[in-house]
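Visitor: What shape does this take:
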Amino acid sequence: MYRNERGRLWAPGAALGIAALAAPAAQAIVTVGTISTPTPNSRPTATAVAPNQTVWFTEEAASKLGYIDQASGFVHEFSWTTANVRPNALAIDSSGQVWFTEAGADQIGMYNPAANYLVEYYWGDFGLGLSGIEVTADGNVWFTMFNRSEIGVLNPSQLTISYYNWTSDFVGPLRIHKDGANRLWFTENSANRIGVLDPYFLYVYDYYMTGANSAPWGIAVDASQFVWFTDSLNGLFSQLDPNSGNINDFLTIGGAGSAPRDIATTTNPSGQTVVVWAESGGPGNIGVLNADTGSKMGVELSPSAQATGVAIDAQENAWFTETGLSEVGGFSLPSTSIARRLRLQGPGASRSPAVDSAAGFHLVLTQNNGKGQGKGKSGSRQANKVKKDAKRESHNVLQVKRYQPTKVSKKYR
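Guide: Numbers count the residues shown, from 1 in each chain. Below you'll find the model as predicted:
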(Lines give C-alpha, C1' and ligand atoms only; values in the text may rest on other atoms or scores of the structure.)
Protein backbone atom coordinates (compact mmCIF):
# COMPACT_ATOMS: atom_id res chain seq x y z
CA MET A 1 0.00 0.00 0.00
CA TYR A 2 1.14 3.51 -0.69
CA ARG A 3 -0.28 6.26 1.47
CA ASN A 4 -0.49 9.67 -0.10
CA GLU A 5 0.83 12.56 1.91
CA ARG A 6 -1.23 13.48 4.96
CA GLY A 7 -3.73 16.26 4.54
CA ARG A 8 -4.47 15.63 0.87
CA LEU A 9 -7.50 13.69 -0.29
CA TRP A 10 -7.07 11.58 -3.39
CA ALA A 11 -10.13 10.10 -5.03
CA PRO A 12 -10.35 6.52 -3.70
CA GLY A 13 -8.92 4.10 -6.20
CA ALA A 14 -7.24 6.84 -8.26
CA ALA A 15 -4.19 5.84 -10.29
CA LEU A 16 -0.90 6.50 -8.55
CA GLY A 17 0.70 7.85 -11.70
CA ILE A 18 4.13 6.49 -10.74
CA ALA A 19 5.47 3.89 -13.14
CA ALA A 20 7.85 2.41 -10.60
CA LEU A 21 4.90 1.29 -8.47
CA ALA A 22 3.20 -0.73 -11.20
CA ALA A 23 2.20 -4.17 -9.91
CA PRO A 24 1.96 -7.47 -11.79
CA ALA A 25 -1.45 -8.30 -13.21
CA ALA A 26 -2.13 -10.89 -10.52
CA GLN A 27 -1.59 -8.35 -7.76
CA ALA A 28 -3.26 -5.13 -6.72
CA ILE A 29 -2.05 -1.90 -5.20
CA VAL A 30 -4.56 -0.08 -3.06
CA THR A 31 -4.39 3.70 -3.01
CA VAL A 32 -5.57 5.10 0.31
CA GLY A 33 -6.56 8.76 0.51
CA THR A 34 -6.37 10.33 3.95
CA ILE A 35 -7.79 13.54 5.37
CA SER A 36 -6.69 15.25 8.57
CA THR A 37 -9.67 16.71 10.38
CA PRO A 38 -9.71 20.54 10.51
CA THR A 39 -9.44 20.34 14.30
CA PRO A 40 -6.20 18.65 15.47
CA ASN A 41 -6.49 15.70 17.88
CA SER A 42 -10.24 15.51 17.32
CA ARG A 43 -10.21 11.67 17.46
CA PRO A 44 -12.88 10.76 14.90
CA THR A 45 -14.62 7.55 15.94
CA ALA A 46 -17.58 6.67 13.69
CA THR A 47 -18.54 7.25 10.07
CA ALA A 48 -21.61 6.77 7.86
CA VAL A 49 -22.60 7.58 4.28
CA ALA A 50 -25.72 9.62 3.46
CA PRO A 51 -28.06 8.86 0.53
CA ASN A 52 -26.36 11.66 -1.46
CA GLN A 53 -22.96 9.97 -0.78
CA THR A 54 -21.76 12.58 1.67
CA VAL A 55 -19.41 10.92 4.18
CA TRP A 56 -20.18 11.93 7.78
CA PHE A 57 -18.02 11.30 10.85
CA THR A 58 -17.99 12.09 14.55
CA GLU A 59 -15.11 13.88 16.28
CA GLU A 60 -15.45 12.65 19.84
CA ALA A 61 -12.57 14.51 21.51
CA ALA A 62 -13.38 17.79 19.74
CA SER A 63 -17.15 17.44 20.32
CA LYS A 64 -17.79 18.15 16.64
CA LEU A 65 -19.52 16.61 13.65
CA GLY A 66 -17.79 16.53 10.27
CA TYR A 67 -18.41 15.52 6.69
CA ILE A 68 -16.58 15.07 3.40
CA ASP A 69 -18.11 16.45 0.22
CA GLN A 70 -16.72 14.03 -2.36
CA ALA A 71 -17.68 16.28 -5.28
CA SER A 72 -15.96 19.45 -4.08
CA GLY A 73 -13.11 18.00 -2.06
CA PHE A 74 -14.07 20.09 0.98
CA VAL A 75 -14.07 18.74 4.51
CA HIS A 76 -16.45 20.53 6.84
CA GLU A 77 -17.01 20.33 10.56
CA PHE A 78 -19.65 21.70 12.90
CA SER A 79 -19.45 22.79 16.52
CA TRP A 80 -22.26 23.97 18.76
CA THR A 81 -22.82 25.59 22.11
CA THR A 82 -23.35 22.51 24.29
CA ALA A 83 -20.02 21.69 25.95
CA ASN A 84 -18.42 18.22 26.02
CA VAL A 85 -21.09 16.49 23.96
CA ARG A 86 -18.59 13.80 22.77
CA PRO A 87 -20.47 12.41 19.75
CA ASN A 88 -19.41 8.80 19.33
CA ALA A 89 -21.90 7.02 17.02
CA LEU A 90 -24.10 8.10 14.13
CA ALA A 91 -26.76 6.88 11.71
CA ILE A 92 -28.41 8.57 8.74
CA ASP A 93 -32.09 8.28 7.90
CA SER A 94 -33.62 7.96 4.43
CA SER A 95 -34.05 11.75 4.09
CA GLY A 96 -30.38 12.42 4.86
CA GLN A 97 -30.80 13.64 8.43
CA VAL A 98 -27.79 12.76 10.56
CA TRP A 99 -28.56 11.27 13.99
CA PHE A 100 -25.83 10.86 16.59
CA THR A 101 -25.26 10.01 20.22
CA GLU A 102 -23.86 12.65 22.57
CA ALA A 103 -22.13 10.41 25.10
CA GLY A 104 -20.86 13.30 27.20
CA ALA A 105 -24.20 15.13 27.41
CA ASP A 106 -26.60 12.15 27.56
CA GLN A 107 -28.51 13.53 24.58
CA ILE A 108 -29.47 12.52 21.06
CA GLY A 109 -28.51 14.97 18.33
CA MET A 110 -29.84 15.45 14.81
CA TYR A 111 -28.43 17.62 12.04
CA ASN A 112 -30.60 18.43 9.03
CA PRO A 113 -28.26 19.34 6.13
CA ALA A 114 -31.09 20.47 3.84
CA ALA A 115 -32.38 23.08 6.30
CA ASN A 116 -29.02 23.66 8.04
CA TYR A 117 -30.12 23.30 11.63
CA LEU A 118 -29.21 21.06 14.54
CA VAL A 119 -31.55 19.66 17.18
CA GLU A 120 -30.66 18.10 20.54
CA TYR A 121 -33.13 15.92 22.46
CA TYR A 122 -32.74 15.91 26.23
CA TRP A 123 -34.96 14.06 28.71
CA GLY A 124 -33.23 14.60 32.05
CA ASP A 125 -31.46 11.27 32.48
CA PHE A 126 -27.72 10.93 33.00
CA GLY A 127 -24.88 8.40 33.11
CA LEU A 128 -26.37 6.43 30.20
CA GLY A 129 -23.21 5.49 28.35
CA LEU A 130 -24.68 6.18 24.90
CA SER A 131 -22.77 3.95 22.47
CA GLY A 132 -24.75 3.06 19.34
CA ILE A 133 -27.58 4.46 17.24
CA GLU A 134 -29.88 3.35 14.40
CA VAL A 135 -32.95 4.75 12.62
CA THR A 136 -35.73 2.41 11.47
CA ALA A 137 -38.09 2.90 8.53
CA ASP A 138 -40.82 4.35 10.77
CA GLY A 139 -38.52 7.23 11.78
CA ASN A 140 -37.88 5.99 15.31
CA VAL A 141 -34.34 6.44 16.60
CA TRP A 142 -32.86 3.53 18.57
CA PHE A 143 -29.83 3.83 20.82
CA THR A 144 -27.85 1.68 23.23
CA MET A 145 -27.06 2.63 26.82
CA PHE A 146 -23.91 0.76 27.80
CA ASN A 147 -23.95 1.80 31.47
CA ARG A 148 -27.61 0.87 31.94
CA SER A 149 -27.69 -2.38 29.93
CA GLU A 150 -30.74 -0.98 28.17
CA ILE A 151 -31.87 0.08 24.72
CA GLY A 152 -33.85 3.26 24.18
CA VAL A 153 -36.05 4.51 21.37
CA LEU A 154 -36.81 8.15 20.58
CA ASN A 155 -40.01 9.00 18.75
CA PRO A 156 -39.21 12.44 17.29
CA SER A 157 -42.77 13.16 16.21
CA GLN A 158 -44.32 12.43 19.64
CA LEU A 159 -41.29 13.59 21.68
CA THR A 160 -41.19 10.46 23.81
CA ILE A 161 -38.41 8.13 24.94
CA SER A 162 -38.96 4.47 25.83
CA TYR A 163 -36.45 2.17 27.53
CA TYR A 164 -36.19 -1.57 26.90
CA ASN A 165 -34.88 -3.41 29.96
CA TRP A 166 -34.73 -7.19 29.66
CA THR A 167 -32.04 -8.33 32.11
CA SER A 168 -30.71 -7.67 35.60
CA ASP A 169 -27.18 -8.56 34.44
CA PHE A 170 -24.68 -6.03 33.19
CA VAL A 171 -24.45 -6.81 29.47
CA GLY A 172 -23.05 -3.53 28.09
CA PRO A 173 -24.93 -3.08 24.79
CA LEU A 174 -22.69 -1.27 22.32
CA ARG A 175 -23.41 -1.01 18.57
CA ILE A 176 -26.85 -1.55 17.04
CA HIS A 177 -28.05 -2.20 13.47
CA LYS A 178 -31.41 -2.94 11.85
CA ASP A 179 -32.22 -5.85 9.55
CA GLY A 180 -34.67 -6.03 6.65
CA ALA A 181 -37.60 -6.60 9.02
CA ASN A 182 -36.69 -3.57 11.20
CA ARG A 183 -35.50 -5.80 14.01
CA LEU A 184 -32.58 -4.32 15.95
CA TRP A 185 -29.44 -6.45 16.33
CA PHE A 186 -26.91 -5.33 18.91
CA THR A 187 -23.67 -6.39 20.55
CA GLU A 188 -23.58 -7.17 24.28
CA ASN A 189 -19.97 -6.22 24.81
CA SER A 190 -19.76 -7.22 28.48
CA ALA A 191 -21.84 -10.42 28.22
CA ASN A 192 -20.15 -11.85 25.09
CA ARG A 193 -23.48 -12.16 23.31
CA ILE A 194 -25.44 -10.88 20.34
CA GLY A 195 -29.01 -9.74 21.00
CA VAL A 196 -32.03 -8.91 18.89
CA LEU A 197 -34.94 -6.59 19.72
CA ASP A 198 -38.21 -6.95 17.80
CA PRO A 199 -40.30 -3.76 18.08
CA TYR A 200 -43.36 -5.44 16.55
CA PHE A 201 -43.55 -8.38 18.98
CA LEU A 202 -42.06 -6.35 21.85
CA TYR A 203 -39.35 -8.75 22.91
CA VAL A 204 -35.61 -8.75 23.42
CA TYR A 205 -33.73 -12.00 22.87
CA ASP A 206 -30.01 -12.44 23.52
CA TYR A 207 -29.29 -16.14 23.18
CA TYR A 208 -26.46 -15.84 20.66
CA MET A 209 -23.25 -16.62 22.55
CA THR A 210 -20.08 -15.35 20.85
CA GLY A 211 -17.51 -17.14 23.01
CA ALA A 212 -15.85 -16.37 26.35
CA ASN A 213 -14.01 -13.03 26.52
CA SER A 214 -14.93 -12.09 22.96
CA ALA A 215 -16.35 -8.63 23.79
CA PRO A 216 -18.35 -8.15 20.55
CA TRP A 217 -18.19 -4.57 19.29
CA GLY A 218 -19.40 -3.61 15.80
CA ILE A 219 -22.38 -5.15 14.03
CA ALA A 220 -23.92 -5.09 10.55
CA VAL A 221 -26.58 -7.01 8.58
CA ASP A 222 -25.95 -7.95 4.95
CA ALA A 223 -28.43 -8.15 2.07
CA SER A 224 -29.06 -11.86 2.80
CA GLN A 225 -29.89 -10.94 6.43
CA PHE A 226 -26.80 -12.60 7.88
CA VAL A 227 -25.52 -10.72 10.92
CA TRP A 228 -21.83 -9.79 11.02
CA PHE A 229 -20.01 -8.61 14.14
CA THR A 230 -16.49 -8.10 15.47
CA ASP A 231 -14.99 -9.75 18.55
CA SER A 232 -12.77 -7.02 19.92
CA LEU A 233 -10.82 -9.10 22.46
CA ASN A 234 -9.94 -12.22 20.48
CA GLY A 235 -9.13 -10.85 17.02
CA LEU A 236 -12.07 -12.41 15.21
CA PHE A 237 -15.06 -11.23 13.22
CA SER A 238 -18.08 -13.44 12.84
CA GLN A 239 -21.14 -14.27 10.77
CA LEU A 240 -24.38 -15.26 12.49
CA ASP A 241 -27.11 -17.11 10.61
CA PRO A 242 -30.34 -16.14 12.46
CA ASN A 243 -32.21 -19.07 10.90
CA SER A 244 -29.89 -21.82 12.18
CA GLY A 245 -28.24 -20.04 15.09
CA ASN A 246 -24.79 -20.99 13.77
CA ILE A 247 -21.89 -18.59 14.09
CA ASN A 248 -18.87 -18.74 11.76
CA ASP A 249 -15.73 -17.09 13.11
CA PHE A 250 -13.14 -15.54 10.74
CA LEU A 251 -9.60 -14.53 11.65
CA THR A 252 -8.77 -10.85 11.35
CA ILE A 253 -5.73 -9.64 9.43
CA GLY A 254 -3.81 -8.45 12.48
CA GLY A 255 -4.51 -11.41 14.73
CA ALA A 256 -5.35 -11.62 18.41
CA GLY A 257 -4.24 -8.08 19.21
CA SER A 258 -6.04 -6.41 16.30
CA ALA A 259 -8.99 -5.19 18.44
CA PRO A 260 -11.53 -5.01 15.57
CA ARG A 261 -14.19 -2.34 15.95
CA ASP A 262 -16.93 -1.37 13.47
CA ILE A 263 -17.92 -3.53 10.50
CA ALA A 264 -19.90 -2.92 7.30
CA THR A 265 -21.14 -4.97 4.34
CA THR A 266 -22.04 -4.41 0.71
CA THR A 267 -23.00 -6.47 -2.34
CA ASN A 268 -20.64 -6.24 -5.31
CA PRO A 269 -21.78 -6.24 -8.97
CA SER A 270 -21.37 -10.04 -9.05
CA GLY A 271 -23.92 -10.42 -6.26
CA GLN A 272 -21.27 -11.41 -3.71
CA THR A 273 -21.19 -10.18 -0.13
CA VAL A 274 -18.15 -8.05 0.73
CA VAL A 275 -17.37 -7.37 4.38
CA VAL A 276 -15.12 -4.53 5.60
CA TRP A 277 -13.98 -4.04 9.18
CA ALA A 278 -11.65 -1.71 11.11
CA GLU A 279 -8.77 -3.01 13.24
CA SER A 280 -7.84 -0.53 15.95
CA GLY A 281 -4.87 -2.47 17.37
CA GLY A 282 -1.88 -4.44 16.17
CA PRO A 283 -0.20 -3.36 12.92
CA GLY A 284 -3.28 -1.40 11.82
CA ASN A 285 -5.50 -2.64 9.00
CA ILE A 286 -8.79 -2.28 7.27
CA GLY A 287 -9.84 -5.85 6.51
CA VAL A 288 -11.77 -6.90 3.41
CA LEU A 289 -13.50 -10.28 2.97
CA ASN A 290 -15.39 -11.73 0.02
CA ALA A 291 -17.82 -13.90 1.96
CA ASP A 292 -18.79 -15.91 -1.12
CA THR A 293 -15.25 -16.95 -2.06
CA GLY A 294 -13.64 -16.84 1.39
CA SER A 295 -10.80 -14.61 0.13
CA LYS A 296 -9.66 -11.81 2.40
CA MET A 297 -6.92 -9.22 2.62
CA GLY A 298 -5.83 -6.25 4.66
CA VAL A 299 -5.33 -2.66 3.58
CA GLU A 300 -2.39 -1.65 5.69
CA LEU A 301 -2.51 1.47 7.85
CA SER A 302 -0.12 2.99 10.34
CA PRO A 303 0.24 1.02 13.61
CA SER A 304 -0.88 4.18 15.41
CA ALA A 305 -3.97 4.67 13.21
CA GLN A 306 -6.43 3.07 15.66
CA ALA A 307 -9.07 2.55 12.97
CA THR A 308 -12.53 2.40 14.50
CA GLY A 309 -15.44 3.41 12.23
CA VAL A 310 -16.05 2.02 8.74
CA ALA A 311 -18.74 2.61 6.08
CA ILE A 312 -19.24 1.84 2.38
CA ASP A 313 -20.79 4.17 -0.18
CA ALA A 314 -22.81 3.35 -3.31
CA GLN A 315 -19.69 3.50 -5.52
CA GLU A 316 -18.06 0.77 -3.39
CA ASN A 317 -15.62 3.13 -1.70
CA ALA A 318 -14.74 2.09 1.84
CA TRP A 319 -14.41 4.98 4.33
CA PHE A 320 -12.91 4.73 7.79
CA THR A 321 -11.83 6.83 10.76
CA GLU A 322 -8.29 6.76 12.15
CA THR A 323 -8.87 7.80 15.73
CA GLY A 324 -5.20 7.80 16.72
CA LEU A 325 -4.16 10.04 13.81
CA SER A 326 -7.31 12.21 13.74
CA GLU A 327 -7.82 11.37 10.08
CA VAL A 328 -10.53 10.00 7.84
CA GLY A 329 -9.48 7.71 4.98
CA GLY A 330 -10.98 5.98 1.98
CA PHE A 331 -10.17 3.57 -0.81
CA SER A 332 -11.96 1.84 -3.67
CA LEU A 333 -13.08 -1.70 -2.89
CA PRO A 334 -12.89 -2.87 -6.54
CA SER A 335 -9.22 -1.86 -6.55
CA THR A 336 -8.46 -4.46 -3.88
CA SER A 337 -9.62 -7.29 -6.17
CA ILE A 338 -9.64 -9.44 -3.02
CA ALA A 339 -6.34 -10.86 -4.30
CA ARG A 340 -2.72 -11.10 -3.35
CA ARG A 341 -0.96 -7.79 -3.78
CA LEU A 342 2.21 -5.87 -3.09
CA ARG A 343 2.33 -3.92 0.15
CA LEU A 344 4.39 -0.79 -0.31
CA GLN A 345 5.99 1.09 2.58
CA GLY A 346 7.07 3.90 0.26
CA PRO A 347 7.93 4.50 -3.38
CA GLY A 348 9.81 1.49 -4.71
CA ALA A 349 9.87 -0.37 -1.38
CA SER A 350 7.98 -3.65 -1.35
CA ARG A 351 7.77 -6.85 0.62
CA SER A 352 6.06 -10.17 0.33
CA PRO A 353 2.32 -10.08 0.89
CA ALA A 354 0.93 -11.44 4.13
CA VAL A 355 -2.53 -12.42 3.01
CA ASP A 356 -4.57 -15.30 4.35
CA SER A 357 -6.64 -16.45 1.39
CA ALA A 358 -8.48 -19.11 3.40
CA ALA A 359 -11.78 -18.38 5.11
CA GLY A 360 -10.39 -19.54 8.44
CA PHE A 361 -13.71 -20.08 10.17
CA HIS A 362 -15.05 -22.62 12.62
CA LEU A 363 -18.50 -23.40 13.95
CA VAL A 364 -19.63 -22.11 17.32
CA LEU A 365 -22.76 -23.48 18.95
CA THR A 366 -25.21 -21.00 20.41
CA GLN A 367 -27.54 -21.16 23.36
CA ASN A 368 -30.22 -19.10 25.06
CA ASN A 369 -28.75 -17.26 28.05
CA GLY A 370 -26.93 -20.42 29.11
CA LYS A 371 -30.21 -22.28 29.62
CA GLY A 372 -30.10 -24.31 26.43
CA GLN A 373 -33.55 -23.14 25.35
CA GLY A 374 -34.04 -23.14 21.62
CA LYS A 375 -31.82 -22.09 18.74
CA GLY A 376 -32.45 -20.24 15.51
CA LYS A 377 -36.04 -20.30 14.24
CA SER A 378 -37.29 -22.35 17.18
CA GLY A 379 -35.83 -19.83 19.61
CA SER A 380 -37.44 -16.96 17.72
CA ARG A 381 -40.81 -18.72 17.74
CA GLN A 382 -40.48 -19.24 21.46
CA ALA A 383 -39.67 -15.57 21.91
CA ASN A 384 -42.64 -14.56 19.77
CA LYS A 385 -44.90 -16.71 21.92
CA VAL A 386 -43.86 -15.60 25.36
CA LYS A 387 -42.99 -11.92 24.65
CA LYS A 388 -41.91 -11.66 28.22
CA ASP A 389 -38.43 -10.23 28.30
CA ALA A 390 -39.04 -6.65 27.26
CA LYS A 391 -40.06 -4.09 29.87
CA ARG A 392 -40.56 -0.50 28.78
CA GLU A 393 -40.32 2.66 30.84
CA SER A 394 -41.52 5.75 28.99
CA HIS A 395 -40.32 9.32 29.40
CA ASN A 396 -41.27 12.58 27.81
CA VAL A 397 -38.54 14.61 26.19
CA LEU A 398 -38.00 17.59 28.49
CA GLN A 399 -36.19 19.88 26.14
CA VAL A 400 -35.58 20.23 22.43
CA LYS A 401 -32.85 22.70 21.53
CA ARG A 402 -32.73 23.90 17.94
CA TYR A 403 -30.09 26.18 16.48
CA GLN A 404 -27.56 26.57 13.68
CA PRO A 405 -24.12 25.21 14.47
CA THR A 406 -20.87 26.98 13.60
CA LYS A 407 -19.34 25.65 10.38
CA VAL A 408 -15.63 25.46 9.47
CA SER A 409 -14.48 24.26 6.04
CA LYS A 410 -11.12 23.27 4.63
CA LYS A 411 -10.22 22.30 1.08
CA TYR A 412 -7.90 19.36 0.50
CA ARG A 413 -7.81 19.14 -3.30
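Visitor: element containing the most centrally placed residue in the chain, please.
Guide: By C-alpha atoms, centre = their mean, the mean C-alpha position of the chain lies nearest to residue 262, the distance being 3.7 Å. In the assignment (DSSP states H and E), residue 262 maps to strand 260-267.
Visitor: list the buried ones in that strand?
Guide: Within strand 260-267, the residues that qualify as buried are 260, 261, 262, 263, 264, 265, 266, counting by 16 or more other C-beta atoms under 10 Å. No exception for glycine: its C-beta is placed from N, CA and C like everyone else's.
Visitor: a markdown table for these, including pLDDT and distance to residue 182?
Guide: Converted to a markdown table, these look like this (pLDDT from 0 to 100; distance: C-beta to C-beta, whole Å):
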| residue | pLDDT | distance to residue 182 |
| --- | --- | --- |
| 260 | 98 | 26 |
| 261 | 98 | 25 |
| 262 | 98 | 21 |
| 263 | 98 | 20 |
| 264 | 98 | 19 |
| 265 | 98 | 18 |
| 266 | 96 | 20 |
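Visitor: just checking, residue 167 touches residue 148?
Guide: No. Using C-beta atoms under 8 Å, residue 167 makes no contact with residue 148, being 10.9 Å away.
Visitor: show me where this structure has helices.
Guide: 333-336, 376-386 (DSSP state H).
Visitor: Lowest average pLDDT across the ones you listed?
Guide: Lowest mean pLDDT of the helices of the chain: helix 376-386, a mean of 46.
Visitor: which residues in the stretch 1-150 of the chain form strands?
Guide: For the stretch 1-150 of the chain, the strands defined by DSSP state E, counting those that start in this stretch occupy 2-3, 31-36, 44-49, 55-59, 64-68, 74-79, 87-92, 98-102, 107-112, 117-122, 130-135, 141-145, 150-155.
Visitor: and the last one with strand 141-145, angle?
Guide: To tie it back to what came earlier, the one meant is strand 150-155. Angle, strand 150-155 to strand 141-145, by axes from the mean of the first three to the mean of the last three C-alpha atoms, to 10 degrees: 160 degrees.
Visitor: Please apply the same query to the third one.
Guide: Calculated by the same axes, to 10 degrees, strand 44-49 forms an angle of 160 degrees with strand 141-145.
Visitor: ok, and what's touching strand 44-49?
Guide: 37, 55-60, 66, 87-92, 98, 100, 262, 308-314, 319-323, 326-328 (C-beta atoms under 8 Å, 6 or more residues apart in numbering).
Visitor: and what of the last one?
Guide: With contacts defined as C-beta under 8 Å, 6+ apart, strand 150-155 is touched by 108, 121, 128, 139-145, 160-165, 173, 176, 184, 186, 197, 199, 204, 397.
Visitor: and it, what's its mean pLDDT?
Guide: For strand 150-155, the mean confidence score works out to 96.
Visitor: again with the fourth one
Guide: Averaged across strand 55-59, pLDDT comes to 96.
Visitor: Check which residues of that strand are buried.
Guide: 55, 56, 57, 58, 59.
Visitor: Save the strands of the stretch 1-150 of the chain as CSV, and put in distance to residue 275 too.
Guide: Listed next are the strands of the stretch 1-150 of the chain as CSV, based on distance: least, C-beta to C-beta, whole Å:
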stretch, distance to residue 275
strand 2-3, 23
strand 31-36, 18
strand 44-49, 16
strand 55-59, 19
strand 64-68, 23
strand 74-79, 27
strand 87-92, 19
strand 98-102, 24
strand 107-112, 29
strand 117-122, 33
strand 130-135, 19
strand 141-145, 22
strand 150-155, 25
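Visitor: These: which one's closest to residue 241?
Guide: Closest approach to residue 241 among the strands of the stretch 1-150 of the chain is made by strand 130-135 (21.0 Å; C-beta to C-beta).
Visitor: who touches the closest one?
Guide: Taking C-beta under 8 Å, 6+ apart as the rule, strand 130-135 contacts 88-93, 99-103, 106, 108, 141-146, 173-178, 184, 186-187.
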